[in-house]
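Asker: Would you be able to build a 3D model of this:
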Amino acid sequence: MRRATCITGLGAVSAMGVGVPALWEGLVAGRSAVGPLTSIDASGFGAKLGGEVKDFSAKDHVPKHYRKAVKIMARDIELAVVAAKEAAEHAGLITRAGLPEGQTTGTTYPAERMGCHIGAALIAAETVELTTAMATAVKESDGEFDLQAWGGAPGGKGAMNNLTPLWLLKYLPNMLASHVTILHGAEGPSNTITCNEASALLSIGESMRVIERGAADVCFSGGAESNINHMRLARLQLAGRLAATAGDDNGGDVPRPYDAASPGTTPGEAGAVVMVESLECAQKRGQKVLARIAGFGAAHSPPPQIPPFAQRRIEPDEGLALSILAALRDAGIGADAIDAIVPHASGIADVDTPELGALRQVFGTRLKEIPLITLTPNVGHSLSGQAGLMVAAGVMALTTQTLPGRLHAGSPPPDARAEKSSSRSVNLRYIVVCTSSLGGQNAAIVLSN
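Answerer: Numbers count the residues shown, from 1 in each chain. Here you go, the predicted structure:
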């Protein structure tokens, strides 16, 4: 008999601020934190709005002895580290990060019983760090970049050696989980999943399975990514995913989930980590259970088509439908038991159309009765960090029995309950959180109270 799993702590860093309370208050109020980009010069890009985390540094949140390590943390790592700290504290856990310096005993769980699974992206290098070194490999004759001069082979100038020391350690995707496990002393099963928007849900699913089979008692789980970066903006723009915006546009009006006329999405940055814990262990230590993870499912879709080579996808996303159905089977319930859905809802028409088709396949005509919880107009789109925020919103909806307000400046189809609305009290027992991804991976979990 498999062990039941639950969520006992939530941690989030988003454009709404640090902490899940900031996120939830903003969602309930129907507020958008998407505004003009200030941390980078976006004048060369079509998208000039985004969901930035303002006045944020991990130095303000890590133990004093660990502050030097922030120098080798990319933005994605900082987001994950702070979200993990928030989640552990919310769960009432004492980890190595919370012990007095020099003390090695007194943690809630032994190190080997704590796992960590955090979704990450292929982290983009900071522009100044990379270009300062690249400038040393420019030809004097014509000002062009010299690949041979960049390398250290015979005839090269070794310009790449002008990158800052330990440069690579800032940009390895597994460094998110690495810093979290070092800080908190989590020496159980650990993994990094790099599957774009599906990363966080797949990580939570892996944590669930690890605990079910008895390999750990609690796991840090979620994802983080910052797209407020020149290289990331270039990738998303070339993929045809970003809306062209002016600096004075209303950010909350730009992404219009499930509206065929939506111009695209807005970039964001976020880290969201939840504490996935054995239900038995949580109850034994007297910790409040925020939500149970009743089921998990994953599946794959055909290879994605990237503009400008793609034709508009109008067929249902079979992989997403299969992942939702698998999660429902795992939970032992039918689609008729679901009270709300937290979908990807990116505002990218070519993504939303097949996603809506998948939801129609699973929920049929009842879909028009099921409210959707959409986040992109509120905080932007953070890819690997997005589904973690979606789970946090789903858990908060369950614990407060409240649907947050929705932003929408367009016209979604009548059976896609994504229209603009205010927050309201409802009776919620089961919520599905689901997402597709740029790489074709899909995941879904069922949350219950």
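Asker: all helices of this protein, in order?
Answerer: 20-28, 75-90, 127-134, 147-150, 175-184, 199-212, 230-238, 279-284, 318-331, 349-363, 376-379, 386-400 (DSSP state H).
Asker: which outside residues touch the fifth one?
Answerer: By C-beta atoms under 8 Å, 6 or more residues apart in numbering, the residues outside helix 175-184 that reach it are 62-63, 66, 69, 73-74, 76-77, 80-81, 84-85, 88, 95-97, 114, 116-118, 120, 123, 169, 172, 186-187, 190-192, 220, 224, 273. (Each C-beta comes from the backbone N, C-alpha and C, glycine too.)
Asker: Tell me who's in contact with the most centrally placed residue in the chain.
Answerer: Nearest to the mean C-alpha position of the chain, counting by C-alpha atoms, centre = their mean, stands Gly385 at 1.5 Å. Residues near Gly385 by C-beta under 8 Å, 6+ apart: 79, 119, 200, 222-226, 268-272.
Asker: swap in Ser32?
Answerer: Ser32 sits next to 250-252, 377-379, 407 when contact means C-beta under 8 Å, 6+ apart.
Asker: repeat that for 10 Å
Answerer: 15-16, 26, 49, 51, 250-255, 266, 376-380, 407 (C-beta atoms under 10 Å, 6 or more residues apart in numbering).
Asker: mind listing which of those are in strands?
Answerer: Leu49 (DSSP state E).
Asker: Type out the ChimeraX command that picks the buried ones from the contacts of Ser32.
Answerer: Of the contacts of Ser32, the buried ones go into a single ChimeraX selection, burial set by 16 or more other C-beta atoms under 10 Å:
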select :15,16,26,49,51,251,252,254,255,266,376,377,378,379,380,407
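Asker: Val426 against Glu369, yeah?
Answerer: No: with contacts counted by C-beta atoms under 10 Å, Val426 stays clear of Glu369, the gap being 11.8 Å.
Asker: overlap in contacts of those two?
Answerer: Common neighbours of Val426 and Glu369 (C-beta under 10 Å, 6+ apart) are Asp339.
Asker: Which one's more surrounded, the two?
Answerer: Val426 (13 against 10; other C-beta atoms under 10 Å).
Asker: excluding its backbone neighbours, what's nearest the more buried one?
Answerer: Residue nearest to Val426 in three dimensions, not counting chain neighbours: Leu403, with 5.4 Å by C-beta to C-beta, 6 or more residues apart in numbering.
Asker: Give the rounded mean pLDDT of stretch 296-308.
Answerer: Averaged across stretch 296-308, the pLDDT comes to 78.
Asker: and the residue nearest to Asp352 when sequence neighbours are not counted, how far is that from Val273?
Answerer: In this structure, Asp352 finds its nearest non-sequential neighbour in Tyr258, 4.9 Å apart by C-beta to C-beta, 6+ apart. Counting by C-beta to C-beta, to the nearest Å, the separation of Tyr258 from Val273 is 28 Å.
Asker: The two: who's more crowded?
Answerer: Val273 (40 against 27).
Asker: residues in contact with that one?
Answerer: 9-13, 79-88, 90, 116-119, 176, 180, 200, 203-204, 219-224, 385, 388, 391-392.
Asker: Name the residues linked to it by a beta bridge.
Answerer: Gly11, Gly222 (DSSP bridges).
Asker: Now the buried members of the contacts of helix 175-184.
Answerer: Counted by 16+ other C-beta under 10 Å, the contacts of helix 175-184 give 62, 66, 69, 73-74, 76-77, 80-81, 84-85, 88, 95-97, 114, 116-118, 120, 123, 186-187, 190-192, 220, 224, 273 as buried.
Asker: List the residue ranges of the stretch 301-449 of the chain that fall below the pLDDT cut-off.
Answerer: Scanning the stretch 301-449 of the chain with the threshold set as pLDDT under 70 gives 303-314.
Asker: ok, back up a step: of the helices of the chain, which approaches Cys434 most closely?
Answerer: helix 318-331 (5.3 Å; C-beta to C-beta).
Asker: Quick one: distance of the closest one to the chain centre.
Answerer: Mean C-alpha position of helix 318-331 versus that of the full chain (C-alpha atoms, centre = their mean, to the nearest Å) differs by 20 Å.
Asker: Check stretch 371-385 too.
Answerer: Taking the mean of its C-alpha atoms, stretch 371-385 sits 9 Å from the chain's own mean (C-alpha atoms, centre = their mean).
Asker: what do you get for stretch 402-414?
Answerer: Put simply, stretch 402-414 sits 21 Å off its chain's centre (C-alpha atoms, centre = their mean).
Asker: that older thread, burial count for the residue nearest to Val426?
Answerer: 22.
Asker: Ala335 too?
Answerer: 18.
Asker: what number of residues lie near Ile72?
Answerer: When neighbours are defined as other C-beta under 10 Å, Ile72 has 17 of them.
Asker: Now do the same contact list for it.
Answerer: So Ile72 contacts 164-171, 175, 179 (C-beta under 10 Å, 6+ apart).
Asker: Over to Leu172?
Answerer: 74, 77, 120, 122-123, 178, 192 are the contacts of Leu172 under C-beta under 10 Å, 6+ apart.
Asker: Of these, which belong to strands?
Answerer: Among the contacts of Leu172, the members falling in strands (DSSP E) are Thr192.
Asker: What is the nearest of the contacts of Leu172 to Leu147?
Answerer: Within those, the smallest distance to Leu147 is 21.0 Å, found for Leu122 (C-beta to C-beta).
Asker: Neighbours of the closest one, how many?
Answerer: Number of residues near Leu122 (other C-beta under 10 Å) recorded here: 15.
Asker: doesn't Asn174 make contact with it?
Answerer: No: between Leu122 and Asn174 there is no contact under C-beta under 10 Å: 11.5 Å.
Asker: who touches both of the two?
Answerer: Residues touching both Leu122 and Asn174 (C-beta under 10 Å, 6+ apart): Thr194.
Asker: Looking at per-residue confidence, what score does Leu166 get?
Answerer: 88.
Asker: quick thing: my sequence starts at 821, can you match it?
Answerer: In the new count, where the first residue is 821, that last one comes out as Leu986.
Asker: what's near enough to touch it?
Answerer: Contacts here follow C-beta under 10 Å, 6+ apart; on that basis Leu986 touches 891-892.
Asker: circling back: any idea how far the residue nearest to Val1246 is from Ala1217?
Answerer: Per C-beta to C-beta, Leu1223 is found 6 Å from Ala1217.
Asker: Tell me the residues that contact both of those two, please.
Answerer: With C-beta under 10 Å, 6+ apart as the test, Leu1223 and Ala1217 both reach 847-848, 1159-1160, 1191, 1193, 1243, 1246, 1248.
Asker: Including distance to Ala969, could these go into a markdown table?
Answerer: A markdown table is the format used below for those (distance: C-beta to C-beta, whole Å):
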| residue | distance to Ala969 |
| --- | --- |
| Leu847 | 51 |
| Val848 | 55 |
| Asp1159 | 61 |
| Ala1160 | 57 |
| Pro1191 | 58 |
| Ile1193 | 52 |
| Ser1243 | 58 |
| Val1246 | 63 |
| Leu1248 | 61 |
